[in-house]
Structure formats: structure tokens, C-alpha cells
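J.: how would this look folded up:
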Amino acid sequence: MQKETEIGVLEFIEGKYGGNFGGKADICIFSHEYTIDIRFNVYHYGTEGLTEIMIKAAKNVLESLKNNIEAVETAIRAYYETEPKEFAEDGLYDYIDIKSASQLAQVMKPVELFISKSKKYEKVQDVYVGLYFECDWNPDEGFGIRFNGNGDILEVGRGDVVY
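T.: Predicted structure coming up:
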């Protein structure tokens, strides 16, 4: 099934987790181009659960990644200088001294944009959108950055902040 959205045509397929549908998006971060998965958490409603507010929230975050990428990369670098550095001090990770945002591509890779419904869910800013990364310092949990539906950064941390 295809649904025309402001993001473009998304092909919706049932995800590996029940109640999720998604597609693909291209983003540029760390001076690299990536194709990531988009996953809309629509519970048991199928594509009928996908709303224009969720689509608008996804679009806002993708626009934020284009227009405010420096703020996003700065937030990621600030986090990298905490937990991964602590892992290195404990001998669990070989820490790389990052001098530029483009070097972050050596230690992490964006994989998925996850859009979830909020219980309040009447306004676009109530939708949570998370960008999940695979990362070298925590391969089991990854790294995540959570945005509100307007594209403002709410939280950075381990991968579970995305969901």
C-alpha cells in the first residue's frame, strides 16, 4: 500500500515489530548522506492509524535535520564527550578525540527515524520523533536523539530515548 504524504510517497509495510509501518528517508548528517528507515508506531490500527499530525512531525524533524544540523551535531558531540569517554576510562571502548562533527561518522551511523503517538496527541509538538543510531561504544543499546514534533531537541542519550 502507498500513501501520498508531504514527505513523498512512502511504501508502508508491516514492520518487524507489530503495529509499525514505515518507509525510507534520505538525510545528511556528519557531512555524509544516509538512507534511513522511517517507522511510524500506529499500534494495531495499521495504516489507518497514521495521521497527518504524525506525518507533519516526521517532516518537521527531517527539515530540522536540514536547517539546524549544527545544533543537532553539537548535541551529539556533547553527549559523545560524556558516556563514551567514561566507557573508555573503564577500558570498555577506544575513545576517539573528535575534532569535527564529520568525524562522528567514524563512530556512529543513523539508522531509523521513529515516530510515536503521544497520549495527548492533539498538536504536532506532542508527537515524539526519535533518531536512532548504531554506535561503536554501545553496540547493544545504540544512541538516540529525541525531538518533539516541531523538530526541537528534547533529549539525547542511549538508544531507548527514541522509543
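
J.: Can you report how many residues neighbour D126?
T.: D126 is flanked by 16 other residues according to other CB atoms under 10 Å. All C-beta spots, glycine's among them, are computed from the backbone N, C-alpha and C.

J.: Next: the one 3 residues further on.
T.: Residue neighbour count, defined by other CB under 10 Å, stands at 27 for V129.

J.: E89 versus that one, what's the distance?
T.: Distance of V129 to E89, computed by CB to CB, to the nearest Å: 32 Å.

J.: for A105, same thing?
T.: Distance, A105 to E89, using CB to CB: 23 Å.

J.: The two - which one has more neighbours?
T.: Neighbour tally, A105 and E89, criterion other CB under 10 Å: the higher count belongs to A105, 14 against 10.

J.: State the distance from that one to K59.
T.: From A105 across to K59, the span is 24 Å (CB to CB).

J.: Quick check: nearest residue in space to V61, chain neighbours excluded?
T.: Spatial nearest neighbour of V61, chain neighbours left out: V129 (4.4 Å); criterion: CB to CB, 6 or more residues apart in numbering.

J.: And the one helix or strand that neighbour maps to, what's buried?
T.: Per DSSP states H and E, V129 falls inside strand 128-135. Neighbour-count burial for strand 128-135 flags Y128, V129, G130, L131, Y132, F133, C135 (criterion: 16 or more other CB atoms under 10 Å).
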